[in-house]
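> model the following, please.
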Amino acid sequence: MTELPGIASSVVTTLRMAMVVALVGVSALFGVVQPTGSASAVSRASGAPAHAVAAVPGPVVAPPRTPAAASHQAAPTQPQPQPDPANVVVSYFLALNENQFEAAWALGGKNISGQPYESFEASYFGTDHNVLSVVPVVGNDVTLTLEVTESDGSHHREAGTYTVQGGVIVSARTHRI
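Numbering: from 1, shown residues only. Reported below is the predicted structural model:
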């Protein structure tokens, strides 16, 4: 890559990292999840180990409209496919692990917390990270187990079912195990 004149490489690297963080946050906010095979803090029931979040999907750019395409009448809009319910739940916990509370709130925290946003955010300050294992997915219901590590190093496990509709978590039933 060509270096920008007058800008130190550490500044360029910092800017790149800021763009990656911004893209991850926007992706989670709109329900876009990492492609299969990318690193995540989630493991499926297959026993695959959990990984730290490291990969970020590249931006998707729509091709430019040509004058010919603009002159045609728009085709009837097709219903957008709904995100996979498991991916929505995974995105929710990835957002929590990355302290992206606004994204987690938008993915369903507002529906399942039973509290205002500020209290929702504050409730995760003692949590270091969550490791999620999705067990079965039946329709819109995602059953999972969760290993929670607190900031003081203590652990506890939870199990539950999250219901997803329209790309957002609408309810959750969880308990400690």
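
> and the strands in this structure, which stretches?
Assigned by DSSP state E, the strands in the chain fall at 42-44, 127-138, 141-150, 155-165, 168-176.

> and of those strands, who's closest to residue 83?
Nearest of the strands of the chain to residue 83, taken as CB to CB: strand 155-165 at 7.8 Å. C-beta here means a position set from N, CA and C on the backbone, and glycine is covered the same way.

> mind listing the strands the closest one pairs with, and their directions?
Strands that pair with strand 155-165, judged by DSSP bridges, come out as strand 141-150 (antiparallel), strand 168-176 (antiparallel).

> quick check: which of the ones you listed is buried the most?
strand 141-150 (a mean of 17; mean count of other CB atoms under 10 Å).

> ok and that strand relative to strand 127-138, angle-wise?
Counting by axes from the mean of the first three to the mean of the last three CA atoms, to 10 degrees, strand 141-150 points 160 degrees away from the direction of strand 127-138.

> so for strand 141-150, what's the average pLDDT?
Averaging pLDDT along strand 141-150 gives 94.

> cool, and stretch 123-130?
Throughout stretch 123-130, pLDDT has a mean value of 89.

> renumber starting at 518 from here on
Done: numbering now begins at 518, and the last item shifts to stretch 640-647.

> how about that stretch as CSV, C-alpha atoms only?
Taking C-alpha atoms only, stretch 640-647 is exported to CSV below (Å, rounded to 0.1, in the frame of the first residue of the first chain):
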residue,chain,number,x,y,z
SER,A,640,-25.6,-4.8,34.1
TYR,A,641,-22.7,-6.0,31.9
PHE,A,642,-19.9,-4.0,33.5
GLY,A,643,-18.9,-6.9,35.7
THR,A,644,-18.9,-9.4,32.9
ASP,A,645,-15.6,-10.1,31.2
HIS,A,646,-16.9,-12.3,28.3
ASN,A,647,-19.5,-14.9,27.3
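
> any residues touching it, and which ones?
For stretch 640-647, contacts defined as CB atoms under 8 Å, 6 or more residues apart in numbering pick out 558, 610, 613-614, 616, 618, 630, 632, 663-670.

> which member of those residues is positioned nearest residue 685?
Distance to residue 685 across the contacts of stretch 640-647 (CB to CB) is lowest for residue 630, with 13.1 Å.

> quickly note the distance from the residue lying closest to the closest one once chain neighbours are set aside to residue 599.
Among residues not flanking residue 630 along the chain, residue 637 sits closest, at 4.4 Å (CB to CB, 6 or more residues apart in numbering). From residue 637 across to residue 599, the span is 24 Å (CB to CB, to the nearest Å).
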